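1. take this sequence and fold it.
(2 chains)
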Protein chains: 2
Amino acid sequence: MRIIETHRAPNPRRVSIFLAEKGIEVRREERDLMSGELRRDEFSTMNPWQRVPVLVLDDGRTISESVAICRYFEELHPEPALFGKSPFGKAEVEMWNRRLEFGLFNAVASVFRHLHPKMASLEVPQVTAWGEANKDKVNYELQRLDRRLADHAFVAGDQYSIADITALVAVDFMKPARLGKPDGFAQVMRWYATVSARPSAAA
Amino acid sequence: MRIIETHRAPNPRRVSIFLAEKGIEVRREERDLMSGELRRDEFSTMNPWQRVPVLVLDDGRTISESVAICRYFEELHPEPALFGKSPFGKAEVEMWNRRLEFGLFNAVASVFRHLHPKMASLEVPQVTAWGEANKDKVNYELQRLDRRLADHAFVAGDQYSIADITALVAVDFMKPARLGKPDGFAQVMRWYATVSARPSAAA
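-> Got it, this is the predicted structure:
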């Protein structure tokens, strides 16, 4: 089993943190997403969406999409549960992970993709007005996250979950997106200090 | 238990089709998302993201996000499995559902939200260039779906799954987004005829 990734990119990092929390080690194979390698036939056959990470099983079958890869490992190694427990608990984690993903993560990624000069060859066309509009969305999503964290230790409740991983990676993605740190959001910063201090954050 | 929804909107429809496939009936409560109702405090308290559908349990707890609501019902009523079986099967369905959601569904929704005049008060700011850019993305995603369906009966493989629901709702959403029908994609049209003919499609 191996994971094809661009180690420093946000989506592969989500999988790395997830596996570190589970205590699972998987061999990595580095490809540079900025080099155009992912557009070559050899990679496109594995993932027509031309994105990393991709999990390759020993029998050659593949899984792409970070959250799908994480779910595969959750099924194989249920503890610690990072997708929640009980029907309601699982639905709650899914809800929060999606809110963070479609909200904060997507907004930060849109700022990066549409405003950063080095993305010009990957995001075609870059739409400056859309990148700018997403700066407001980042701020709005941080407000909502701050409100949530005012009375919960973690994003989905009392337990650390995949929703915290999505949120942590989104907040760290603010730096390359030239959005700084969410200093004005006290609850986010309190939570960020906690989740960043976990050994998994360095995975 | 009840579901608060705007019945004709795409995301509530995903839940309706899912429940119809499972043979589950849940009471509905209609709110018009176009009227600004979802921005009022009473609704925002339930879902700070101000979107439908929201599932309200009898004890008052709520779940929003269509896929999270569907997963809750999958946990309570595992058969027929619409999120896949076995660790690999579940990961595959998740992968395909996400590819369709972040790809086709999101592209069609972006065309609708950024180009349709009646969305001007809900999508602020509307970014015309972003709406236009998403027309190409719709086309690109349809190509990839067409290639996938050339050798699979359904989106995630041999079995109907939530990925088909996402794709079906995305294709039907092309009409209000003024994108017509994907006539040029023979495999998509063959699959579309099959999934549209299921009784659940009319739910």
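2. domains in chain A, by residue range?
-> As given by automatic domain parsing, the domain ranges for chain A are A:2-76, A:87-202.
3. what's the closest of those to B:R178?
-> Closest to B:R178 of those is domain A:87-202 (Cβ to Cβ; 19.6 Å). C-beta: built from backbone N, CA, C; applies to glycine.
4. distance between the ends of that closest one?
-> Start-to-end span of domain A:87-202 (Cα to Cα, to the nearest Å) is 31 Å.
5. assign the residue of chain A positioned farthest from its centre to helix, strand or coil.
-> For chain A, the residue at maximal distance from the C-alpha centroid (Cα atoms, centre = their mean) is A:D59, at 26.9 Å. Under DSSP: H, G, I helix; E, B strand; the rest coil, the three-state class of A:D59 is coil.
6. that one and B:H116, how far apart?
-> 46 Å (Cβ to Cβ, to the nearest Å).
7. Throw the domains of chain A into a markdown table and include mean pLDDT, thanks.
-> Listed next are those as a markdown table, based on pLDDT from 0 to 100:
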| stretch | mean pLDDT |
| --- | --- |
| domain A:2-76 | 95 |
| domain A:87-202 | 97 |
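8. okay, angle between the top helix by length along chain A and helix B:128-149 too, please.
-> As assigned by DSSP state H, the longest helix anywhere in chain A is helix A:128-149. Interaxial angle of helix A:128-149 relative to helix B:128-149 (axes from the mean of the first three to the mean of the last three Cα atoms, to 10 degrees): 80 degrees.
9. so helix A:128-149, near chain B or not?
-> Yes. Helix A:128-149 is in contact with chain B by Cβ under 8 Å from any Cβ of the partner chain, via A:129-130, A:133, A:144, A:147-148.
10. just stretch A:11-30 next, same as before
-> No. Residues of stretch A:11-30 are not located near chain B by Cβ under 8 Å from any Cβ, the shortest gap being 11.2 Å.
11. roughly how far out does stretch A:54-65 sit from the chain middle?
-> On the basis of Cα atoms, centre = their mean, to the nearest Å, stretch A:54-65 sits 19 Å off its chain's mean C-alpha point.
12. now that stretch - C-alpha only, CSV.
-> This file holds the C-alpha atoms of stretch A:54-65, laid out as CSV (Å, rounded to 0.1, in the frame of the first residue of the first chain):
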residue,chain,number,x,y,z
VAL,A,54,-4.1,8.9,-4.2
LEU,A,55,-4.1,5.7,-2.1
VAL,A,56,-2.8,2.7,-4.1
LEU,A,57,-3.6,-0.7,-2.6
ASP,A,58,-1.3,-3.7,-3.1
ASP,A,59,-3.6,-5.2,-5.7
GLY,A,60,-3.5,-2.0,-7.7
ARG,A,61,-6.9,-0.6,-6.9
THR,A,62,-6.9,3.1,-6.1
ILE,A,63,-8.9,5.6,-3.9
SER,A,64,-8.6,9.3,-4.4
GLU,A,65,-10.2,12.2,-2.5
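13. buried ones among the residues of helix A:128-149 next to chain B?
-> A:130, A:133, A:148 (16 or more other Cβ atoms under 10 Å in any protein chain shown).
14. now do the one helix or strand A:W96 maps to: distance to the chain's middle.
-> In this structure, A:W96 sits in helix A:87-100 according to DSSP states H and E. Chain-centre distance of helix A:87-100: 15 Å, with Cα atoms, centre = their mean.
15. so which residues on chain A come close to chain B?
-> Proximity of chain A to chain B, by Cβ under 8 Å from any Cβ, involves residues A:48-49, A:57, A:61, A:63-65, A:67-69, A:71-72, A:75-76, A:86-88, A:90-92, A:94-95, A:98-99, A:103, A:125, A:127, A:129-130, A:133, A:144, A:147-148.
16. what about 7 Å?
-> Contact residues, chain A versus chain B (Cβ under 7 Å from any Cβ of the partner chain): A:48-49, A:61, A:63-65, A:67-69, A:71-72, A:75-76, A:87-88, A:90-92, A:94-95, A:98-99, A:125, A:127, A:129-130, A:133, A:144, A:147.
17. could I get the domains of chain A as CSV with distance to B:M174?
-> Compiled in CSV, the domains of chain A are given as follows (distance: least, Cβ to Cβ, whole Å):
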stretch, distance to B:M174
domain A:2-76, 20
domain A:87-202, 20
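18. state whether A:E29 is indeed within a helix.
-> No. Under three-state DSSP, A:E29 sits outside any helix and is assigned strand.
19. from what I can see it touches A:T6, true?
-> No. In this structure, A:E29 is not within contact of A:T6 by Cβ atoms under 7 Å, at 10.4 Å.
20. now do A:F73 against A:R51, distance only.
-> Taking Cβ to Cβ as the measure, A:F73 and A:R51 are separated by 19 Å.
21. cool, and A:V124?
-> For A:V124, the distance to A:R51 - Cβ to Cβ - is 15 Å.
22. who has more neighbours, those two?
-> Ranked by neighbour count (other Cβ atoms under 10 Å in any protein chain shown), A:V124 and A:R51 place A:R51 first, with 19 against 9.
23. residues in contact with the more buried one?
-> By Cβ atoms under 7 Å, 6 or more residues apart in numbering or on different chains, A:R51 lies in contact with A:38, A:64.
24. one more time with 8 Å, if that's ok
-> By Cβ atoms under 8 Å, 6 or more residues apart in numbering or on different chains, A:R51 lies in contact with A:11, A:33, A:38, A:64.
25. what do you get for A:A20?
-> Counting by Cβ under 8 Å, 6+ apart, A:A20 has contacts A:199-200, A:203.
26. cool, thanks, talk later.
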